[in-house]
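Q: next comes the sequence, and after it the predicted model I'd like to discuss.
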Amino acid sequence: MHLKLIHCQVFTREIEHIVARSAHSVDLESIPMGLHSLGVEMRPHLQECIDAADPHGYDAILLGYALCGRGTEGLRAGRTQLILPRAHDCIGVLMGSRHRYAGYFQNHPGVYYRSPGWVEFQTPDLKLQPAFPAQKNPMGDRTTLEEFIAKYGEDNGRYLYEQFSAFRRHYSGLTYISTGIASDEACRSEARAEAAKEGWKFEEVTGSLTLFDRLINGPWDAGDFLAVPAGAAIRATLNDDIVDAV
């Protein structure tokens with residue numbers, strides 16, 4: 001297959017590792033990771049990249065992104081289908097599963113995350129990124145856990161409450177996600193030094209290249225990927241699917 005992969009710079013080394021071993025022809029377009037700080041305003045920039053790729057006859061346009069603070073919501077496929085991992089953000093992709101990330105987050109709510117890409121491509125003006133950047137709570141900043149559960153149900157209510165309240169906590173840890181690529185050792189050392197400088201507890205978890213491999217090589221099963229058909233757009237959901245197509 002002939003594929004186009006538009007991806008966040010934070011995934012560069014993992015994607016290069018998989019593409020170098022893929023049987024498919026993959027054209028890569030890396031987007032500076034600073035775009036993520038724009039939140040929903042990143043959408044028109046990504047749409048422009050999608051529209052530019054659409055006329056070139058690709059079998060699919062792959063997005064090396066997640067929902068990303070709803071920054072990918074509303075992205076529309078032209079004549080070429082879009083493929084997107086089902087994950088809230090890059091951490092779930094790096095860990096290989098949104099479910100694994102959710103489980104880790106429940107027990108480690110107050111940490112920042114680093115990965116080879118976060119360390120290698122961060123710039124001096126790129127501020128520390130928590131697990132969930134501060135987002136506007138649609139129910140009001142003082143909404144209680146019980147109110148979230150009443151509106152969205154037990155599981156979704158608890159998840160959303162954690163998402164919108166996490167930024168209020170005092171962050172005291174840094175978790176490095178090791179993905180086993182060539183720059184891993186050097187990046188791990190930098191992440192450990194950053195944690196020491198901030199006085200944070202350092203922890204390391206083993207990441208996974210599973211979602212990267214399946215994004216590039218398939219299969220794009222509906223459990224872990226959203227296939228957006230021609231003319232449809234990405235929509236955020238409030239269930240475990242995270243995204244669907246409309």
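A: That came through fine.
Q: which helices and strands sit right next to whatever helix or strand Leu226 lives in?
A: Using DSSP states H and E, Leu226 sits in strand 225-228. Packing contacts for strand 225-228, counted by 3 or more Cβ pairs under 8 Å, 6 or more residues apart in numbering; DSSP states H and E, involve strand 82-85, strand 243-245. C-betas here are computed from N, CA, C, even on glycine.
Q: tell me the strands beside the first one, with direction?
A: When you say that, I think you mean strand 82-85. If you go by DSSP bridges, strand 82-85 pairs up with strand 60-64 (parallel), strand 225-228 (antiparallel).
Q: before we move on, what about the last one?
A: Using DSSP bridges, strand 243-245 pairs in its sheet with strand 234-236 (antiparallel).
Q: contact partners of the partner strand?
A: If you take Cβ atoms under 8 Å, 6 or more residues apart in numbering as the criterion, strand 234-236 is touched by 67, 70, 72-76, 82, 84, 226, 228, 242-246.
Q: got the buried residues for it?
A: Across strand 234-236, burial judged by 16 or more other Cβ atoms under 10 Å covers Ile234.
Q: same deal with stretch 203-211?
A: 205, 207-209, 211.
Q: burial count for Leu28?
A: Applying other Cβ atoms under 10 Å, we find 15 residues neighbouring Leu28.
Q: the stretch of helix or strand it belongs to packs against which elements?
A: Counting by DSSP H and E, the element that carries Leu28 is strand 25-31. With contacts defined as 3+ Cβ pairs under 8 Å, 6+ apart, the packing partners of strand 25-31 are strand 2-8, helix 12-19, helix 43-53.
Q: for these, which one ends up most surrounded?
A: Of all the helices and strands packed on strand 25-31, strand 2-8 carries the top mean neighbour count, a mean of 22, counting by mean count of other Cβ atoms under 10 Å.
Q: and it, what does it pack against?
A: In terms of contacts (3+ Cβ pairs under 8 Å, 6+ apart), strand 2-8 is packed against helix 12-19, strand 25-31, helix 43-53, strand 60-64, helix 210-217.
Q: quick one: the longest helix along the chain to helix 12-19, angle?
A: When the chain is parsed with DSSP state H, its longest helix is helix 184-198. Relative orientation of helix 184-198 versus helix 12-19 (axes from the mean of the first three to the mean of the last three Cα atoms, to 10 degrees): 160 degrees.
Q: what is the mean pLDDT for the helix or strand that helix 184-198 is followed by?
A: Counting by DSSP H and E, the next helix or strand C-terminal to helix 184-198 is strand 201-206. Averaged across strand 201-206, the pLDDT comes to 96.
Q: which residues are contacting strand 201-206?
A: With Cβ under 8 Å, 6+ apart, strand 201-206 has contacts from 95, 104, 108, 111, 172-178, 180, 188, 191-192, 195-196.
Q: next: stretch 29-43.
A: For stretch 29-43, contacts defined as Cβ under 8 Å, 6+ apart pick out 4-10, 12, 45-46, 49, 53, 68-75, 117-118, 121-123, 126-127, 129, 133, 135.
Q: understood, closing this out.
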